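[1] dropping a prediction and its sequence here:
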Amino acid sequence: MDGFIRLFYSFIAALMTLYVLSRLIPKLKKQPKTKHGITVLYLSTFMTIYNVSSIEHVLVYYASLMMILIVFYKNSMFVSSMSVLFLYVITLLGSMGASNLTLLIASDVVDFRAIFASGNLTANIIYILLVFALLGYYKVIVRLFKKVSGTNFKFDRMMLFSNVVLFALVFAYQRMTFINMVEFSAGGIINTPGVERYNGYFLITYAFVSLTSLFLVVIINRQFIVDKNLENYKFKAETDLMTGALSREAGLQHLKAEMARAVQYKFDLTIAYVDVNDLKAVNDQFGHKEGDKLIKVISDTIHASLREFDVVARLGGDEFLIVFTRCNKAQASRVWRRITEEFLKVNLSGKCGFKVSASVGITQYNPAKHTTMLSLVHEADEEMYAQKKSIKASQL
């Protein structure tokens, strides 16, 4: 293939890779464009010299991609490794499907290991469409999965195992189908008069196994998520419309359940009681619409800084509760420092006509000390009040 054409397809593949990763790791979208540009440049260059038959190239490519996410984009090793794994599975299934369908539609044999390197326009279009479809399916599953993620770790492992097994089965079938199709094509069977039924055979079996596997994943996920976690699913859906946080009742129910799990599984649990500063002053000076905007900015900033399985509940007009699962007080305090830094960025940007800040009380759950849920919340509330009092005193 001409060097320029390969570079062009490598650039498209690099953009596709970054897009998929940004959907798997939403906070990548907030990273500077210069970082994305450097990443695309590196991936394009690597793919241009990429040798699909070299296992060393494959390992170096995915290992370097993982290091970019960890070192360059500051993601955790777990998030980076899982995202690269999902990227590999999604692109592999998409490329195998594109290889199969390209052979059926255009009678062209394309190596599924590197669709972009083939320079085949039909294969690349089909590949991109399939990757988008698989990514869309993944996001649907994640939206359901996030409702119970982090609240039942046995469930988490079962979900992961079930999906990996099903994807592995699809992978095995697609590889076998591709090999068979290449053999049929090489033998001239596909284009031999009188055997047109073979053309439909591969398309039908490919579509059947793909749809069946996705159907099985949906059924298994529904069984786990809806049938076995109905109560959890229900209260998680009870959210505050303005902020997207859980309602007071749902949030306290979640905290109570987490306290029981923390004792059972012996993991750390920490809460933060948050109170928006100067809400009354903003309401009096700018009106309640701006007061609601202040609450929304505070809530959005908090949500953007937390892990997927940390939970935020709105306890009252200007009060929030954050439940940090598997997190001690020192770790929760570091997260809150990041949140206050984000408040500072908002204030420096001048987007709001008022100061954005909040007081917080952070308390780690101690089963021997906090015999009730209310005693834990009360201690965090007292710490928050002490901080608020200190802030007001410093302003005098």
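    Structure received.
[2] low-scoring stretches of this structure, by residue?
    Along the chain, segments meeting pLDDT under 70 span 1-3, 50-54, 140-237, 395-396.
[3] walk me through the domains of it.
    When the chain is parsed with automatic domain parsing, its domains come out as 3-230, 239-395.
[4] how about Glu319: what's its closest non-neighbour residue?
    Of all residues not flanking Glu319 in the chain, Asp275 sits nearest, at 5.3 Å (Cβ to Cβ, 6 or more residues apart in numbering). Every residue, glycine included, has its C-beta placed from N, CA and C.
[5] run through the bridge partners of the one you found.
    Beta-bridge partners recorded for Asp275 (DSSP bridges): Glu319, Ser359.
[6] burial check on it, number of neighbours?
    21 (other Cβ atoms under 10 Å).
[7] spit out the contact partners of Thr371.
    Going by Cβ atoms under 8 Å, 6 or more residues apart in numbering, Thr371 touches no other residue.
[8] helix, strand or coil for it?
    Recorded secondary structure, Thr371: coil (DSSP: H, G, I helix; E, B strand; the rest coil).
[9] then Val356?
    Secondary structure state of Val356, per three-state DSSP, is coil.
[10] what does it show for phi and psi?
    Dihedral angles of Val356 (phi, psi; degrees, to the nearest 10) stand at phi -100, psi 120.
[11] hmm, Val297 and it touching each other?
    Yes. Assessed by Cβ atoms under 8 Å, Val356 is found in contact with Val297 at 5.5 Å.
[12] residues in contact with Gly94?
    Contacts of Gly94 (Cβ under 8 Å, 6+ apart): Tyr127, Ile128, Leu130, Val131, Leu134.
[13] now Asp268: how far from Ser76?
    17 Å (Cβ to Cβ, to the nearest Å).
[14] of these two, give the one with the bigger neighbour count.
    Per other Cβ under 10 Å, whichever of Asp268 and Ser76 has more neighbours is Asp268, with 16 against 12.
[15] more crowded one of Val356 and Val297?
    Using other Cβ under 10 Å, the more surrounded residue of Val356 and Val297 is Val356, with 23 against 18.
[16] all strands for the stretch 251-396 of the chain, in order.
    Taking DSSP state E, counting those that start in this stretch as the test, the strands found in the stretch 251-396 of the chain are 269-276, 311-314, 319-325, 358-364.
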